[in-house]
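[1] the sequence isn't on hand, but the structure is:
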């Protein structure tokens, strides 16, 4: 859901010249700006390494729920996989801007009681050490962009909450359009904070 929303904004943005999507299967989107690499093993990127050179930014939107997983399993998919990409991209494109989608409640101290929050915090911290230009996005509830196809049933059932939540709890609700626009603006203009909560996401999207 997040990746698709960010992709749509990038394709429509006049300052984005080209987008490369790395997918396990075809995403079903066609656009003159879009290139797509289909690669099944995200822990072995050697076969596609040559195609990842000379990009200004990486918008890393891959993620899974920790529900039903052990901390070890969740860490492997969240921390190990992300850092596998991150280390390669930092070597190939050291000045790249790396934008990583985590979530509200991520634990920067890596010491809290919540396993998912510790793992996300460790991932954020490692990425900030890898990339001088890196931004950690911590959205709460995100409103999907019109026309998106990759929406879970649970999201469709609760989408009606957004306008109420945005009005009553603006620090917890934003749109995917705002998330994507803030990533693009972070790449072009920068931002004084590396960790962006919802209020920062909304502010930067309007910069």
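    Arrived safely, thanks for sending. All of these numbers come straight from a predicted model, not from anything done at the bench. Numbering: from 1, shown residues only.

[2] how about the secondary structure of residue 181?
    Three-state assignment for residue 181 (DSSP: H, G, I helix; E, B strand; the rest coil): helix.

[3] all helices in this protein, in order from the N-terminus.
    2-12, 71-75, 81-92, 115-130, 153-158, 161-168, 176-189, 198-205 (DSSP state H).

[4] for those, which one sits closest to residue 103?
    helix 115-130 (6.4 Å; Cβ to Cβ). In this view, the C-beta of every residue, glycine as well, is placed from N, C-alpha and C.

[5] quick one: mean pLDDT for that closest one?
    Here helix 115-130 scores 96 as its mean pLDDT.

[6] which residue lies farthest from the center of this structure?
    residue 168 (25.5 Å; Cα atoms, centre = their mean).

[7] tell me who's in contact with the residue nearest to residue 52 when sequence neighbours are not counted.
    Spatial nearest neighbour of residue 52, excluding adjacent residues (Cβ to Cβ, 6 or more residues apart in numbering): residue 92 at 5.7 Å. Residues touching residue 92, when contacts are defined by Cβ atoms under 8 Å, 6 or more residues apart in numbering, comprise 49, 52-53.

[8] neighbour-wise, give me the winner out of those.
    Within the contacts of residue 92, residue 52 tops the neighbour count with 19 neighbours, counted by other Cβ atoms under 10 Å.
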